[in-house]
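Enquirer: with the sequence up front, the predicted model follows.
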Amino acid sequence: MPHPSILRVSPGSPAERGGVMVGDALVAVNGVPPRDIIDYQQLVDGPDPILTIERSGIELELIIDKPAGSLVGMEISDALFDKVRTCDNHCEFCFIYQLPKGLRRTLYVKDDDYRLSFLYGNFTTLTRFTEADFERVITERLSPLYVSIHTTDPLLRAEMLRNRRGATSLRWLEHLLEAGVRVHGQIVLAPDINDGVHLEATLTDILLRFPSLASVGIVPLGVSKYTKEARMRPMTKQEARAAIETVTTYAELARSVLGHTLFYCSDEFYLLGDVAFPDRETYGDFEQLENGVGVTRSFEDEFTRRESTKVPAHSGFFSSIDGAPALGYRAVRFRSKGFGQRRAEDALKVAIISSTYGKLALERVFLAAEQPPVDVIEVRNEFFGGNIAVTGLMSGADVARAIATVDYDRLLLPDVCLSEGRFIDGLDARELPREVEVVPTDGASLALALSGTAFPLIGGSHG
């Protein structure tokens, strides 16, 4: 098993005082080689853990002086120290199959690992879940988990996953729920495949078989121009409206029977169908924000109150275990070190850079908040094509094209489209043809930016 390396050591932390250095390889904690960051956290949670590290080919033992329950203060290069459990499904709708070549390596990792579900909110189909996995989840209380359901019809689920184990793997969902594990579900809705009467049957089944699910997010199929699947097509406006109607009916039934909404459509349905969003109270604690459920209502609330909402730990952001690294496109959005800031002036012409769906959502937010109109530069996603229109998947090339000739004094770019300062196509934000201000993707930050607060400036290398 390869040893993970130490990426960062916090100044003044127990790790630094104990002699840990960036580049060290972590071999063991208290003599036990950890399998993953979960093992690591449990092993270092006690007082004065002993780290075995490898430096320049030599193993050293370092005693970390710290009380039980406190942080060690270092970031490790990997979340899983053994092999990532890759997905053995071959779903027609899998977005990884629809990616172009040349992107970051981590974007092509097709995982189906329950540990990444716990750590990062990745959805797992449970087709590779085992009794040993179940025992560990229960023993170590690895909760919440996120499970892709898609349909409860065994034959249809096996067909959609292109894996015969898909027909039976939802039995693990029953066992997890019976054991008290908190689980969030997901249904990717594919037109003509699992929508219509199939969706009604699935929602009925969930109420009967899995009523203790914490939430179920229904999201539309994403289709890029790179798909090779003949059956995959974007949802129409009428189909989006039909899905909303079905989900709303079952959400009302769930509220009357279970006392909470349970079923939620992602924002894309409402934007595509041109339907008003549900009231904020409908979304409860916004438990599937990372899945695009309730993003606009949450953003509107933050924008109006000018106060950021703390994303709950079960939303898919890793926040409970010391030392875990960012993973894939969930990396640190933007580091402002090295970039200057300028003084904001009231008379400056301001525009927001956003995607097609982002523009529609912002228009609704501004209308509800009685905000004077703000120009939004729509970035059409030519990089992925198809029906891909979310802000997080804006490419650098598309953004550069959209802003190349515009005439604004301030261009506000949401940081959700950046990972360590790079767009999904690898373009460094500093290479943009115009200067942009990178603004955290929440309503409160946007309200501050529009009121005159300046954020880090980058780009303008060709201007």
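Expert: Received the coordinates, thanks.

Enquirer: where exactly do the strands run in the stretch 1-150 of the chain?
Expert: 6-9, 25-29, 50-55, 58-63, 74-76, 145-148 (DSSP state E, counting those that start in this stretch).

Enquirer: swap in the stretch 251-400 of the chain?
Expert: Under DSSP E, counting those that start in this stretch, the stretch 251-400 of the chain gives strands at 263-265, 350-355, 375-379.

Enquirer: deepest in the core, which of the ones you listed is it.
Expert: The highest mean neighbour count among the strands of the stretch 251-400 of the chain, using mean count of other C-beta atoms under 10 Å, belongs to strand 263-265: a mean of 26. C-beta coordinates here come from the backbone N, C-alpha and C atoms, glycine included.

Enquirer: now the strands of the stretch 1-150 of the chain as CSV including distance to Glu252 and mean neighbour count?
Expert: Shown next, in CSV, are the strands of the stretch 1-150 of the chain (distance: least, C-beta to C-beta, whole Å; neighbours: other C-beta atoms under 10 Å):
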stretch, distance to Glu252, mean neighbour count
strand 6-9, 48, 18
strand 25-29, 50, 20
strand 50-55, 54, 18
strand 58-63, 58, 12
strand 74-76, 45, 22
strand 145-148, 24, 25
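
Enquirer: one step back: right, and the strands of the stretch 251-400 of the chain - which one's nearest Gly69?
Expert: The minimum distance between Gly69 and the strands of the stretch 251-400 of the chain falls on strand 263-265, with 35.4 Å, by C-beta to C-beta.

Enquirer: and the closest one, which strands flank it?
Expert: As defined by DSSP bridges, the strand partners of strand 263-265 come to strand 215-220 (parallel).

Enquirer: please name the nearest non-neighbouring residue to Ala368.
Expert: Glu300 (5.5 Å; C-beta to C-beta, 6 or more residues apart in numbering).

Enquirer: spit out the contact partners of the one you found.
Expert: Listed by C-beta atoms under 8 Å, 6 or more residues apart in numbering, the contact partners of Glu300 are 280, 364-365, 368-369, 443.

Enquirer: in helices, which of those fall?
Expert: For the contacts of Glu300, the ones inside helices are 364-365, 368, 443, with DSSP state H as the criterion.

Enquirer: out of those residues, which one sits closest to Glu135?
Expert: For the ones in helices among the contacts of Glu300, the nearest to Glu135 is Gly443 (42.6 Å; C-beta to C-beta).

Enquirer: wait, the closest one sits on Asp301?
Expert: Yes. Judged on C-beta atoms under 8 Å, Gly443 makes contact with Asp301 at a distance of 6.7 Å.

Enquirer: biggest helix in the chain, by residue count?
Expert: Counting by DSSP H, the longest helix found in the chain is helix 237-258.

Enquirer: so what touches that helix?
Expert: By C-beta under 8 Å, 6+ apart, helix 237-258 touches 189, 191, 195-196, 199-200, 203-204, 207, 211, 218, 220, 235, 260-265, 268-270, 272-275, 278, 282.

Enquirer: for Ala404, what are its contacts?
Expert: Counting by C-beta under 8 Å, 6+ apart, Ala404 makes contact with 433-434.

Enquirer: how about 6 Å then?
Expert: Pro433 (C-beta atoms under 6 Å, 6 or more residues apart in numbering).

Enquirer: next: Phe118.
Expert: Contacts of Phe118 by C-beta under 6 Å, 6+ apart are 142, 145.

Enquirer: tell me the domain ranges of this protein?
Expert: 6-76, 95-315, 332-459 (automatic domain parsing).

Enquirer: how long is the first one end to end?
Expert: What it means is domain 6-76. 5 Å (C-alpha to C-alpha, to the nearest Å).

Enquirer: also stretch 272-283?
Expert: Stretch 272-283 has an end-to-end distance of 19 Å (C-alpha to C-alpha).

Enquirer: ok, and what's touching it?
Expert: Applying C-beta under 6 Å, 6+ apart, the external contacts of stretch 272-283 come out as 237, 240-241, 244, 261, 270, 294, 296-297, 301.

Enquirer: buried sites along that stretch?
Expert: Of the residues in stretch 272-283, those buried under the neighbour-count criterion (16 or more other C-beta atoms under 10 Å) are 272-273, 275, 277-278, 283.

Enquirer: quick one: distance of it to the chain centre.
Expert: Distance, stretch centre to chain centre, for stretch 272-283: 21 Å (C-alpha atoms, centre = their mean, to the nearest Å).

Enquirer: which residues touch the residue lying closest to Ser13 once chain neighbours are set aside?
Expert: In space, and not counting its chain neighbours, Ser13 is closest to Gly73: 2.4 Å by C-beta to C-beta, 6+ apart. Listed by C-beta under 6 Å, 6+ apart, the contact partners of Gly73 are 10, 13-15.

Enquirer: can you do 8 Å?
Expert: Applying C-beta under 8 Å, 6+ apart, the residues contacting Gly73 are 9-10, 12-16, 322.

Enquirer: farthest pair in those?
Expert: Gly12 and Asp322 (15.2 Å).

Enquirer: so which of the strands of the stretch 1-150 of the chain is nearest Pro433?
Expert: strand 6-9 (32.3 Å).

Enquirer: now do that closest one: distance to the chain's middle.
Expert: Worked out by C-alpha atoms, centre = their mean, strand 6-9 lies 24 Å from the chain centre.

Enquirer: what does that strand rub up against?
Expert: With contact meaning C-beta under 8 Å, 6+ apart, strand 6-9 is reached by 15-16, 20-26, 53, 73-77, 325.

Enquirer: nearest to Arg141 among those residues?
Expert: Ile76 (21.6 Å).

Enquirer: now the helices for the stretch 251-400 of the chain?
Expert: In the stretch 251-400 of the chain, the segments counted as helices under DSSP state H, counting those that start in this stretch are 267-273, 295-305, 356-368, 396-403.

Enquirer: winner for burial among the ones you listed?
Expert: Of all the helices of the stretch 251-400 of the chain, helix 267-273 carries the top mean neighbour count, a mean of 23, counting by mean count of other C-beta under 10 Å.

Enquirer: if we can go back for a sec, wait, which of the buried residues of stretch 272-283 is closest to Val350?
Expert: Set against Val350, the nearest of these by C-beta to C-beta is Phe277 (25.2 Å).

Enquirer: show me the shaky parts of the stretch 251-400 of the chain.
Expert: 308-347 (pLDDT under 70).

Enquirer: out of the ones in helices among the contacts of Glu300, which comes closest to Gln288?
Expert: Closest to Gln288 out of the ones in helices among the contacts of Glu300 is Gly443 (17.8 Å), distances taken as C-beta to C-beta.

Enquirer: for that closest one, which residues are in contact?
Expert: Gly443 is in contact with 298-306, 308, 365, counting by C-beta under 8 Å, 6+ apart.

Enquirer: about what we covered before: tell me which of the helices of the stretch 251-400 of the chain sits nearest to Arg115.
Expert: The minimum distance between Arg115 and those falls on helix 295-305, with 26.3 Å, by C-beta to C-beta.

Enquirer: how many residues are close by Arg182?
Expert: A count of nearby residues for Arg182, using other C-beta atoms under 10 Å, gives 16.

Enquirer: can you tell me how far the nearest residue to it once chain neighbours are set aside sits from Val109?
Expert: Nearest residue to Arg182, sequence neighbours excluded (C-beta to C-beta, 6+ apart): Pro144, at 4.0 Å. Remark: distance between Pro144 and Val109 (C-beta to C-beta, to the nearest Å) = 22 Å.
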